[in-house]
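# coordinates only, sequence not included:
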C-alpha cells in the first residue's frame, strides 16, 4: 500500500524558495508565472494494516511542522 | 490557471532524506513503513496562455535536474 503526503507552507507564510524560483524563471525569460509555492512530497510504502490515521499521526509528529505547514494525505 | 509539478529522485538514486525519515519513523515506534522517498512539489500560478509544454521547459531548464530527477506535471 502506498501513501503520498504533501507538506506545504501555510498561506501567509513567506516562501523564499518559491520566490527564488519565480525570480529565476522570470530572469530566464519565462513569462506568465505569477506565483510559486514550493513544498515537499513524501511517498510512503506501507505494510498492510497501516491506516490513514497512522499516516496523519506521522505527519503531526514528524513530517510537518504544523505551526507553519499544512499537509494532505492521499492513500492509494 | 495552476500547475503542480512533482520532482522526485529517479529509481535507483539514493535518497538520504527519505532514508532519514524512514529511520526516524521507526525510532518513534511507527511500524509498517517499508520505504520512503522524498521529493519536491512546486505549485505554479500561471497566466492564461501558458501551456503544459512551457511548464515542461521550465522543468527541463530549472526545476528538475534530469540527470537524477524525474518530474510530472498536472495542469488544472
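Great, that's in hand. Keep in mind that this is a model prediction, so the values were computed, not measured. Numbering: from 1, shown residues only, chains lettered A, B, ... in the order given.

# could you confirm whether the longest strand along chain A reaches chain B?
The strand spanning the most residues in chain A, taking DSSP state E as the definition, is strand A:33-46. Yes - part of strand A:33-46 sits near chain B under the criterion Cβ under 8 Å from any Cβ of the partner chain, namely A:33-46. (Each C-beta comes from the backbone N, C-alpha and C, glycine too.)

# just the helices from chain A, written as ranges.
With DSSP state H as the criterion, chain A has helices at A:16-27, A:52-58.

# now the first one against strand A:33-46, angle please.
In other words, helix A:16-27. Put simply, helix A:16-27 runs at 130 degrees to strand A:33-46, going by axes from the mean of the first three to the mean of the last three Cα atoms, to 10 degrees.

# helix A:16-27 - contacts with which helices or strands?
Contacting helix A:16-27 under the criterion 3 or more Cβ pairs under 8 Å, 6 or more residues apart in numbering or on different chains; DSSP states H and E are the following elements: strand A:33-46, strand B:33-46.

# out of those, flag the one nearest residue A:65.
Distances from residue A:65 to each of the helices and strands packed on helix A:16-27 were compared using Cβ to Cβ; the shortest belongs to strand A:33-46, at 10.8 Å.

# return the per-residue confidence for the residue of chain A positioned farthest from its centre.
Within chain A, residue A:29 marks the point farthest from the mean C-alpha position, 26.7 Å out by Cα atoms, centre = their mean. Looking at residue A:29, its pLDDT stands at 97.

# about what we covered before: most neighbours, which of the residues of strand A:33-46 next to chain B?
Among those, the one with the most neighbours (other Cβ atoms under 10 Å in any protein chain shown) is residue A:44, at 28 neighbours.

# related to what we said a few turns ago, ranking the helices of chain A by burial, who's on top?
By mean neighbour count, with neighbours taken as mean count of other Cβ atoms under 10 Å in any protein chain shown, helix A:52-58 ranks first of the helices of chain A at a mean of 16.
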